[in-house]
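Trainee: Please work out how this folds:
(chains A and B)
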Amino acid sequence: AQSVTQPDIHITVSEGASLELRCNYSYGATPYLFWYVQSPGQGLQLLLKYFSGDTLVQGIKGFEAEFKRSQSSFNLRKPSVHWSDAAEYFCAVGGNTGGFKTIFGAGTRLFVKA
Amino acid sequence: ETGVTQSPTHLIKTRGQQVTLRCSSQSGHNTVSWYQQALGQGPQFIFQYYREEENGRGNFPPRFSGLQFPNYSSELNVNALELDDSALYLCASSLGASGSWNEQFFGPGTRLTVL
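Mentor: So this is what the prediction gives:
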């Protein structure tokens, strides 16, 4: 069965510190992998995606993620967190199984302290 | 370019009632997907419409139904509301062919409360 696990419900990081949000997935074929961000009252925004090729992908707002097939992981990183990065982050996996479906993890809430 | 809009913003219904949620796609987009996001959870895929036809469905009962109109706007209808239907309902539009991935643009959602 297809699934996404985000082990951390919430994470607190000091402004300027580095960030890593964890994501593990289960998918029968080569997955399409995504990270989305959701700020209060806002819709989901795509940060980055991985389909194939280079396993380190760059996204918007200075985020990057690394696909590790052997670990079934797609962790999100940022070298220096800004207060405006405080939000909910969702990892997702997608594939074409009777229409393209995207399956989301439960999310990780990021708190940034001054 | 107008983004994805949803109406209403908030809605309160009682158990057993029916509700219709609306979504206007981003200009030029022909595909609409609906998601249910319960509190503290990630969005769950309900179904997708491509050029007015259902193009994939998640694990939701038949009382969740939808429509896509010729202008590619969409409705989500939920009959016989249950308390567990309380959630944020997200609509996402994209431009693409059936079965392919194209970037989805999400609306701000409709918050449905069932009492």
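
Trainee: where does the residue in chain B positioned nearest to chain A land in three-state SS?
Mentor: Using C-beta to the nearest C-beta, the closest approach of chain B to chain A is made by B:Gly56 at 2.0 Å. C-beta coordinates here come from the backbone N, C-alpha and C atoms, glycine included. Three-state assignment for B:Gly56 (DSSP: H, G, I helix; E, B strand; the rest coil): strand.

Trainee: any idea of the pLDDT on it?
Mentor: Per-residue confidence (pLDDT) for B:Gly56: 84.

Trainee: just checking, it touches B:Ile46?
Mentor: No - look at B:Gly56 against B:Ile46 with C-beta atoms under 8 Å: they stay out of range, at 9.8 Å.

Trainee: What parts of chain B come near chain A?
Mentor: Applying C-beta under 8 Å from any C-beta of the partner chain, we find that chain B lies next to chain A at B:4, B:33, B:35, B:40-45, B:48, B:50, B:54-58, B:90, B:92, B:98-101, B:103-109.

Trainee: Would you mind listing which of those residues are buried?
Mentor: B:4, B:33, B:35, B:42-45, B:48, B:50, B:55-58, B:90, B:92, B:101, B:104-109 (16 or more other C-beta atoms under 10 Å in any protein chain shown).

Trainee: Where does the prediction get shaky in chain B?
Mentor: Chain B contains residues with pLDDT under 70 at B:1, B:97-101.

Trainee: quick one: contacts for A:Asn24?
Mentor: A:4-5, A:7, A:71-74 (C-beta atoms under 8 Å, 6 or more residues apart in numbering or on different chains).

Trainee: I'd like the residues you listed as JSON lines, with pLDDT appended.
Mentor: JSON lines is the format used below for the contacts of A:Asn24 (pLDDT from 0 to 100):
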{"residue": "A:Val4", "pLDDT": "94"}
{"residue": "A:Thr5", "pLDDT": "96"}
{"residue": "A:Pro7", "pLDDT": "97"}
{"residue": "A:Gln71", "pLDDT": "93"}
{"residue": "A:Ser72", "pLDDT": "93"}
{"residue": "A:Ser73", "pLDDT": "95"}
{"residue": "A:Phe74", "pLDDT": "97"}
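
Trainee: what packs against the lengthiest strand in chain A?
Mentor: Of all segments of type strand in chain A, defined using DSSP state E, the longest is strand A:87-96. With contacts defined as 3 or more C-beta pairs under 8 Å, 6 or more residues apart in numbering or on different chains; DSSP states H and E, the secondary structure elements packing on strand A:87-96 are strand A:3-5, strand A:32-38, strand A:73-78, strand A:100-104, strand A:108-113.

Trainee: Tell me which of those lies nearest to chain B.
Mentor: It's strand A:100-104; of those, that one is closest to chain B (C-beta to the nearest C-beta) at 3.4 Å.

Trainee: Now do that closest one against strand A:32-38, angle only.
Mentor: With axes from the mean of the first three to the mean of the last three C-alpha atoms, to 10 degrees defining the directions, strand A:100-104 sits at 60 degrees from strand A:32-38.

Trainee: B:Val32 and B:Leu21 touch, don't they?
Mentor: No - counting by C-beta under 8 Å, B:Val32 does not reach B:Leu21; the two are 11.6 Å apart.

Trainee: Between the two, tell me which one has more neighbours.
Mentor: B:Val32 (31 against 21; other C-beta atoms under 10 Å in any protein chain shown).

Trainee: Please identify which helix or strand holds the more buried one.
Mentor: Using DSSP states H and E, B:Val32 maps to strand B:31-37.

Trainee: Give the other helices and strands that that strand contacts.
Mentor: strand B:44-50, strand B:74-78, strand B:87-94.
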